[in-house]
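1. Return atomic coordinates for the entry below.
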Amino acid sequence: MAVSRSVRVVLVLILGAVFVSAAGVAFTWLTLGQAPALVPDSALVLRVDGSLVEIEPNRLLGPYLFQSPPTLRSVTAALRRAKTDSRVSALVIAPGGTPGIWAMTQELRDAILDFKTSKKPVTAFLEYGGDQEYYLASAADRVVMVPTSALDLTGLASYEVFLRGTLEKAGAVADFVHVGDYKAAPNAFTERGFTPAHREMAESLNRDMFDQLVEGIAASRRKTPDEVRALVDEGPFLPEDALRAGLIDGLAYEDQVLGPADARKNGGKGRPRVEMSAYAARGGAGFRLGRRHPIALIYAVGTIASGRSGRSAQGDVVGSQTLVEAIRKAREDATVRAVVLRVDSPGGSSVASDVIWHELMLTRVKKPLVVSMSDLAASGGYYIAMPAHVIVAQPGTLTGSIGIFGGKFVTGGTLEKLGANIEAVSQGRFAEMNSPDRVWTVEERAKLQAQLEAFYDQWVEKAAEARRSTPEKIDAVAQGRVWTGRQAKAAGLVDELGGLDRALAIARERAKLPPGDDSDITVYPSRRGFFEMMSDPLGGSGGLESLRLGAAWGLLSPEERRAAAAVLAPMRLFRPGEPLALMPFVFRR
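-> As a prediction, the model looks like this:
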């Protein structure tokens, strides 16, 4: 009887799940697939903060109970739609934070500048204006700031944490080997401060990003770059000083940002306002049953590792198994005419990166393959970009970092301080090579060095072939060095500067397709099904660990979370001794 009752309970749950899923599909079709109920002369309000993501996360109960965060693609598509929507007569942008490092901000800024070609007024409202927030706001026709706020335009600084002293105090040793003078990822654990090459690279990146900041502000505010540099040196600004300097156009609160003329509209209430989140969610193409989707858009977002994609305490994980399945499916689908790979990854496992690379090399023979780089496409993230016929990056993308490292954390001293002791028995000359109780021997270090150098040499040769260059020229710009997208283009590592829209346009051109919109795109990997999420509701590897760390993780800013994830990844995400193609990470301001 008990078994029968259990079976009935399971059947009820399954039927309930099917009903909820069907209801959700119907709800999505009836609501999200329809155009929003806008009234004429509406103002679209775009609020920007750190919740803007590349891909919508899988949620067991969403979108039925929870609203998913907006994606960069959904917002830029909504801005394109609003540009020609006769009901939208104005745009208000409210940067309350920044979506990523720099490239995502640049892509959003480009979409705002494109919206301005419609001649519809664009107003930016700043409750707080840091460098990146102001850079985004400067794309508007008018920039308005709260009368009691300050414009915190002071320039760019980056901070890198070096943990060697901390490890020594704990009795631990970071024993790492790297190939490439600029391969600085292990420096966080092996150094007390910058090496000369590391400092040179950090200063170069900071200088180029500052130049991009200055040039963008200068073009939008009708000033020369020298004038903007001089103003930055005077920051931060009191509201009145920012107004006098011509950096902003007015002081007002949010309800006043549309200007006095709008107060006469709508019976004295001003323009009706529609939140971009609602406009973007409801303005999509909806479901098109039986429609062909000739463009495959494949996302590679997170640290690259072997196995399945998911989430861990270190953030998003690009699993080689999951991504290979998606690439293979797109390649073998006869209706898919071109593939666009969207990369936002600092790299990770060298072997997993190579497995993905191989699958993409098979794909480029059959179909046009274009790569679009987001904030990060460095180290292993650049490795998987190499097969592309065309690589597109934003000027502020961090890319390159062609180099490799490997090593281990020796924690025997830490355990000894705690009264613990490690003893081992083994068979095999190098069986204890990855022992956590001691550093490498001379022979073991030579083995690891040879493995890393062999992989690096193959990488350089593959990059030379992909970039139609020579190994010597690639080696000169490799050595583990990170470049901005603009620098990478000058170095021959990137073909064009632009965003995802530009990459999609190139893919359509190469596939001899007419210009299209999001309705001709199929996104890969596909969202996880209901029962798959039921078996792993927290989203993949490390789900329970992520839940336990959620409270502390939530105290960090998006930038700090990404930096912490990069620092933690070698310790917790990869196998002991696994060679890593992973870029260094910094806290930026």
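
2. From the opening residue of stretch 157-171 to its closing one, how far?
-> 32 Å (CA to CA, to the nearest Å).

3. chain center to that stretch: distance?
-> 26 Å (CA atoms, centre = their mean, to the nearest Å).

4. Report the buried residues of that stretch.
-> Residues of stretch 157-171 classed as buried by neighbour count (16 or more other CB atoms under 10 Å): E160, L163, R164, L167. Placement of C-beta: from N, CA and C, glycine included.

5. My guess is G319 contacts A300. True?
-> No: using CB atoms under 8 Å, G319 makes no contact with A300, being 10.1 Å away.

6. between those two, which one's more packed in?
-> A300 (31 against 22; other CB atoms under 10 Å).

7. pretty sure V228 contacts R222?
-> No: the pair V228 and R222 fails to qualify as a contact (CB under 8 Å) at a distance of 10.6 Å.

8. do you know how far D249 is from A140?
-> Distance, D249 to A140, by CB to CB, to the nearest Å: 9 Å.

9. cool, and K366?
-> For K366 relative to A140 (CB to CB), the value is 44 Å.

10. Those two - which one has more neighbours?
-> Per other CB under 10 Å, whichever of K366 and A140 has more neighbours is A140, with 25 against 12.

11. out of V228 and R222, which sits in the more crowded spot?
-> Neighbours were counted for V228 and for R222 using other CB under 10 Å; V228 has more, 21 against 8.

12. can you pull the contacts of the more buried one?
-> Applying CB atoms under 8 Å, 6 or more residues apart in numbering, we find V228 in contact with V214, I217, A218, R221.

13. which one of those residues is nearest P525?
-> Nearest to P525, judged by CB to CB, of the contacts of V228 is I217 at 38.3 Å.

14. I'd guess that closest one is in a helix, am I close?
-> Yes: I217: assigned to a helix according to DSSP: H, G, I helix; E, B strand; the rest coil.

15. separation between it and G499?
-> Plainly put, I217 is 19 Å away from G499 if you go by CB to CB.

16. With just CA atoms, put the helix or strand containing R364 into CSV.
-> For R364, the host element (DSSP states H and E) is helix 350-366. C-alpha atoms of helix 350-366 as CSV (Å, rounded to 0.1, in the frame of the first residue of the first chain):
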residue,chain,number,x,y,z
SER,A,350,43.6,24.3,-21.3
VAL,A,351,42.3,20.8,-22.2
ALA,A,352,38.6,21.8,-22.0
SER,A,353,39.4,24.9,-24.2
ASP,A,354,41.2,22.7,-26.7
VAL,A,355,38.2,20.3,-26.9
ILE,A,356,35.9,23.2,-27.6
TRP,A,357,38.4,24.6,-30.2
HIS,A,358,38.4,21.3,-32.0
GLU,A,359,34.6,21.2,-32.3
LEU,A,360,34.6,24.8,-33.6
MET,A,361,37.3,23.9,-36.2
LEU,A,362,35.0,21.2,-37.5
THR,A,363,32.2,23.8,-37.7
ARG,A,364,34.1,26.5,-39.6
VAL,A,365,34.6,24.1,-42.5
LYS,A,366,30.8,23.7,-42.9
